[in-house]
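Participant: Whatever this is, show me its structure:
(chains A and B)
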Amino acid sequence: MVAGAITYAERASFMLHSSSRGVPDGMRRALRYVAPAVFAAIVVPRVFTSGTFDPSSPWWPRMAAVIVGGALMWRFRSMPLTLAAGMAAFWLFRTWS
Amino acid sequence: MSDSSSLAVAAFPIGLLLGVAVRNAVAVPNLAGFASSLMIFAGSSQLAAVELIDRGAGAVAVVAAVAMINARHLMYSATLGDRYRRAPLWFRIVASYLLIDQVFALNNEQTNPELARRPLPEQMAYYLGTALPLFCLWQVGTVVGILVGNVIPASWEIDFAVALMFAGLLVLSLNRWPAAVAALVGGGLAWVGRGWPSGTGLLAGAVAGVVAGAVADRFAGPDPISAGDGGTADE
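Facilitator: Numbers count the residues shown, from 1 in each chain, chains lettered A, B, ... in the order given. Presented below is the predicted three-dimensional model:
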């Protein structure tokens, strides 16, 4: 329960606090890079360390599938396509590994 | 809206993974495990908490780990809080609770620049419309995982869909070159720190990536995107 309260506090910190002043311009510039920095920090270890369900699986099919999914996202901007084709590519590459 | 529905589909395996972890953890009662999905509602920190409790870690260590892993939400909150500062209080209270990685991804300006140009009520509706399906499927996944166990064969490695989802979101956020700098630094440091305790590697990568992006931004000139957000103009 304490952990839940702290998590909520972290999420609410600026949502509830920020007054009509808004945030300083320098900070606003920095916050633009929250998305790429955090998402990369989430993805990279997940690709290079083994999955939760199968600790023995090699890393390269995941790497290849992420490249396929990323390329499709870049070209078509479609999350359903990225997930479907990325998973299909992952299973395909895995059978070769 | 198709993006939000496919993200919601990806929320199910996260919940399922959590449910299975709770089911397998001897020291974690099922009801408490499910309650953590309602109260914490943040996948990686819940998994870490279940694992720590099961290994007999103390309450302080568990709480500290959860706080550390979820510290990136401070940055999400700061980013979105600026956009929603004129939204009603009830919305900001509810939105804070629902602010998970995927919701941030769909509602921040970098991955979804069109949204920032729409009127505030539409932005609020979009926020809730994307967050609530995620929330529901997450909880359903947790319950199924606890009660039934793993309904998807482990050999499918369905949890990889979560990595794919974030990879896709990463691509969407790479709208100018300093963002690529942020991603390289963030991803690189998270890789170096992957073995560090309590997700500090992820946090270090995230913070370093934001700083690197901000430094690179100073050399990049004015940003075409910020024109629509109604905020202060670039210098």
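
Participant: in chain B, which spans are helices?
Facilitator: In chain order, chain B shows helices spanning B:2-24, B:30-39, B:43-54, B:59-69, B:72-83, B:89-98, B:101-107, B:113-116, B:120-148, B:160-173, B:177-192, B:200-220, with DSSP state H as the criterion.

Participant: So what's the residue count around B:Gln123?
Facilitator: Applying other Cβ atoms under 10 Å in any protein chain shown, we find 19 other residues in the vicinity of B:Gln123. Placement of C-beta: from N, CA and C, glycine included.

Participant: Name the nearest residue to it, ignoring sequence neighbours.
Facilitator: When the adjacent residues along the chain are set aside, B:Gln123 lies closest to B:Leu115, with 6.0 Å between them (Cβ to Cβ, 6 or more residues apart in numbering or on different chains).

Participant: Next, the contact list for that neighbour, please.
Facilitator: Contacts were defined as Cβ atoms under 8 Å, 6 or more residues apart in numbering or on different chains; by that measure B:Leu115 touches B:Asn107, B:Glu109, B:Gln123, B:Tyr126.

Participant: mind checking how far the nearest residue to the second one once chain neighbours are set aside is from B:Glu122?
Facilitator: It stands for B:Glu109. Take B:Glu109 and drop its neighbours on the chain: the residue closest to it by Cβ to Cβ, 6+ apart is B:Ala116, 4.5 Å away. As judged by Cβ to Cβ, to the nearest Å, B:Ala116 and B:Glu122 stand 11 Å apart.

Participant: tell me which element the residue nearest to the spatial centre of chain A is part of?
Facilitator: Nearest residue to the geometric centre of chain A (Cα atoms, centre = their mean): A:Phe39, 3.7 Å. A:Phe39 is part of helix A:34-48, with elements assigned from DSSP states H and E.

Participant: Now do the buried residues in that helix.
Facilitator: By neighbour count, and taking 16 or more other Cβ atoms under 10 Å in any protein chain shown as the criterion, the buried residues in helix A:34-48 are A:34-47.

Participant: For B:Pro113, the count of nearby residues, please.
Facilitator: By other Cβ under 10 Å, 17 other residues sit near B:Pro113.

Participant: how much space between it and chain A?
Facilitator: 11 Å (Cβ to the nearest Cβ, to the nearest Å).

Participant: what's the pLDDT at the closest residue to B:Leu17 other than its chain neighbours?
Facilitator: By the measure of Cβ to Cβ, 6+ apart, the closest residue to B:Leu17 outside its immediate chain neighbours is B:Asp159, 5.8 Å from it. According to the per-residue confidence, B:Asp159 scores 73 in pLDDT.

Participant: Much appreciated, bye for now.
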